[in-house]
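Chemist: Requesting a structural model of the entry that follows:
(chains A and B)
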Amino acid sequence: MSNSFNTYVCIVCGFIYDEAAGRPEDKIAAGTRWADVPAEWTCPDCGVAKADFEMVEV
Amino acid sequence: MTDAPVVVLGSGLAGWTSIKEFRKHDSQTPVVLVTASSGDAYPKPALSTAFAQGKTAQQLVNGLAADLAASLNVQCHAHSHAHGFHLAKRELHTDTQVFSYSRLVLALGAEPIRLPLEGDAADRVLSVNQWADYALLRERLQPGAKVLIMGAGLIGCEFANDLAGAGFEVHVVDPATRPLAALLPEAASAPLHQALGALGVVWHLNNRVSSVSHQGPALQAHLHSGETLQVDMVLSAIGLRPDTAWLAQAGLACDRGVRVNTQLQTSDPHVYALGDVAQYASAGDRVLPYVMPIMTAARALGATLAGTPTDVVFPVMPVAVKTPAFALLLALPEPGTVGNWQTSEEHVWRFVAEDGRCRGFVLGGKQTALRTKAMQWLAA
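Modeler: Residues are numbered from 1 along each chain as shown, chains lettered A, B, ... in the order given. Purely as a prediction, here's the structure:
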């Protein structure tokens, strides 16, 4: 299932991390799995921790 | 066009996010940031969740004022205290300077509500609503300390969870008979009450603090019930209220906050407001002291200031209560909606209105993962 990407939402501000798109601005390449996003990465909009994100169910 | 800059007052999330959004549309117009603090950016929601993660105040800073000012082409005046403005002249007055503006953005936040308390240590009661308060909290709390928290609302419960999780002895005092009484249906308070209790939080509900006095190096709190608690720190977390007195005096229409129309304009067409200080027409004349509304408002404001008047349309914005012992996600019905809370599965509550439609929800514990589905209930 390597091609099924998930999205994660910041529960505080609503920012969405899309695994397919990654976050090149933060040196997180497109296709980076949530599990591989560094633990110290924080929400680009509001700054809360990675732990404050939740998977968005489709 | 006038040459006067856009002046932003306040460097919290509302101030910095407004500037970032404005700069997406306009890289040229001068922007001046005036702030009473250092201007460094930090995520406010972390103030009540960072202790258990072992984060120092410095580690919460996610953008130094100087770096942000350079990258966003902003002139930043830190440690500047604004004390008034002249609407007709479009001037902002601080203790040292007068700033002319073409547009002024009030991103002032709100102040912690302080209850009048008796006792010679009433002034030792700490409220944590800014970065510097958190720094003080970290400095004062020594390992093994006992903490009394006044208020079992959202911030009080988050602090209780965070500090109990970090190993402190935590007491929570609230006049209500259950935590989050103002927000949650009764049945939803129970698992939170229980989970925080299991973490070691000692509840003093249906009770209130009447005085705080010095007792050697410690503090002694007297409760209405007659009980006495000896603690090392008293935290007050009973809510926020914007300081509108000086804004009203300057001539801006204020109520619970500064009143803004759907384009975030105050009663003066050159003055805008957003964040905790604002009372939004787009939200039925309510204040919305949360992060998500700031993000939505800042996006619209950035466009409006850049010359494209844009209405703020708030989507459904569920509020997360960051109590890991029993996390909650809630979307409350509009005030005055007639209906009742119903539950059909564990830790899921829906507010069903008279017309049979779902108008609000509360998700608890693992059920917070139902977020997207629950948002669809509201749209149905």
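
Chemist: Those residues of chain A touching chain B, which are they?
Modeler: In this structure, chain A approaches chain B at residues A:9, A:11-15, A:42-43, A:45-49, A:52, A:54-58, judged by C-beta under 8 Å from any C-beta of the partner chain. To be clear about C-beta, it is placed using only N, CA and C from the backbone, and glycine gets the same treatment.

Chemist: try 10 Å this time
Modeler: Residues of chain A found near chain B (C-beta under 10 Å from any C-beta of the partner chain) are A:7, A:9-15, A:40, A:42-49, A:51-52, A:54-58.

Chemist: Restricted to strands, list the residues you listed.
Modeler: A:7, A:9-10, A:54-56 (DSSP state E).

Chemist: Of the residues you listed, which is the most crowded?
Modeler: For these, neighbours were counted using other C-beta atoms under 10 Å in any protein chain shown, and A:Cys10 has the most, 26 neighbours in all.

Chemist: Any stretches of the chain with poor pLDDT?
Modeler: Defaulting to chain A. Low-confidence regions of chain A, defined by pLDDT under 70, span residues A:1-3, A:57-58.

Chemist: was after chain B, sorry
Modeler: Applying pLDDT under 70 to chain B flags residues B:1-2.

Chemist: Now B:Gly54: phi and psi?
Modeler: B:Gly54 has phi and psi values of phi 70, psi 20 when expressed as degrees, to the nearest 10.

Chemist: again with the one 10 residues further on
Modeler: The phi and psi torsions at B:Leu64 (degrees, to the nearest 10) take the values phi -80, psi 140.

Chemist: Give me the nearest residue to it, chain neighbours excluded.
Modeler: Ranked by C-beta to C-beta, 6 or more residues apart in numbering or on different chains and with sequence neighbours excluded, the top spatial neighbour of B:Leu64 is B:Asp40, at 5.5 Å.

Chemist: wait, that neighbour sits on B:Gln59?
Modeler: No. Counting by C-beta atoms under 10 Å, B:Asp40 does not reach B:Gln59; the two are 11.9 Å apart.

Chemist: how many neighbours does B:Phe85 have?
Modeler: 26.

Chemist: What distance do you get for it to B:Val98?
Modeler: Distance from B:Phe85 to B:Val98, counting by C-beta to C-beta, to the nearest Å: 9 Å.

Chemist: Which neighbours do the two have in common?
Modeler: Common contacts of B:Phe85 and B:Val98 (C-beta atoms under 10 Å, 6 or more residues apart in numbering or on different chains): B:91-92.

Chemist: The residue of chain B found nearest chain A - nearest residue in space that isn't next to it in sequence?
Modeler: With distances taken as C-beta to the nearest C-beta, chain B approaches chain A most closely at B:Pro43, which sits 3.2 Å away. Among residues not flanking B:Pro43 along the chain, A:Gly47 sits closest, at 3.2 Å (C-beta to C-beta, 6+ apart).

Chemist: Now for residue 38: which residues touch it?
Modeler: Just so you know, I chose chain A. Taking C-beta under 10 Å, 6+ apart, we find A:Pro38 in contact with A:26-28, A:32, A:50.

Chemist: that's the other chain; I wanted chain B
Modeler: Contacts for B:Ser38 (C-beta under 10 Å, 6+ apart) come out as B:11, B:61, B:64-66, B:76, B:78-79, B:131-132.

Chemist: Am I right that it sits in a strand?
Modeler: No. According to DSSP: H, G, I helix; E, B strand; the rest coil, B:Ser38 belongs to no strand; its state is coil.

Chemist: separation between it and B:Ala250?
Modeler: Between B:Ser38 and B:Ala250 the computed distance is 25 Å (C-beta to C-beta).

Chemist: With B:Asp40 instead?
Modeler: Look at B:Asp40 and B:Ala250: by C-beta to C-beta, they are 28 Å apart.

Chemist: Comparing these two, which residue is more hemmed in?
Modeler: B:Asp40 (21 against 18).

Chemist: Tell me who's in contact with that one.
Modeler: Contacts for B:Asp40 (C-beta under 10 Å, 6+ apart) come out as B:11, B:16, B:57-58, B:60-68, B:78, B:131.
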